[in-house]
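Participant: need coordinates for the following:
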Amino acid sequence: VQLQAFGGRLVQPGGSLSLSCAASGSIRSIIRMVWHRQAPGKQRELVAGINNQGITDYADSVQGRFFISITRYPGKNTVYLQMDSLKPDDTAVYYCNAQQSLEGAIKDVWGQGTKVTVSS
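Facilitator: I've put the predicted structure just below:
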């Protein structure tokens, strides 16, 4: 599986931004896709995830402001993160993660990060 994330940029507080992550390759093995973020000087944290049944989960800090979704096409899945009411605390590098089920084990695949800066 290969992941490519896009969409990070500078945005003003209160603004909105949409990130996307394209997954290609052995996508049939993917059971869940997740957005994480890492702010300067902090540990990487889970932001939002979506599994193959479309069940979503969110960090408390983004609940009600961020929304994860996915589109599926043969050979390619794209997961989106719609971010509304952005705050300076949302500033971070955002990473896309795919969890594959391979022979009973879970394998994590990571894409490159995309930087989001929330500042006036």
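Participant: low pLDDT regions in this protein?
Facilitator: By pLDDT under 70, the chain has no low-scoring segment.
Participant: for the residue nearest the centre of it, pull up the helix or strand it's in.
Facilitator: Geometric centre of the chain, nearest residue: residue 35, 2.4 Å, by C-alpha atoms, centre = their mean. Using DSSP states H and E, residue 35 sits in strand 30-38.
Participant: tell me the strands beside the biggest strand by length in the chain, with direction?
Facilitator: For the chain, the strand with the greatest residue count under DSSP state E is strand 92-102. Strand 92-102 has the following strand partners under DSSP bridges: strand 30-38 (antiparallel), strand 105-110 (antiparallel), strand 114-118 (antiparallel).
Participant: quick one: name whatever helix or strand follows the first one.
Facilitator: Along the chain past strand 30-38, the next helix or strand (assigned with DSSP H and E) turns out to be strand 45-51.
Participant: helices and strands around the helix or strand following that next one, which ones?
Facilitator: Downstream of strand 45-51, the first helix or strand assigned by DSSP H and E is strand 56-58. Secondary-structure packing of strand 56-58 (3 or more C-beta pairs under 8 Å, 6 or more residues apart in numbering; DSSP states H and E): strand 45-51, strand 66-73. (C-beta placed from N, C-alpha, C; glycine too.)
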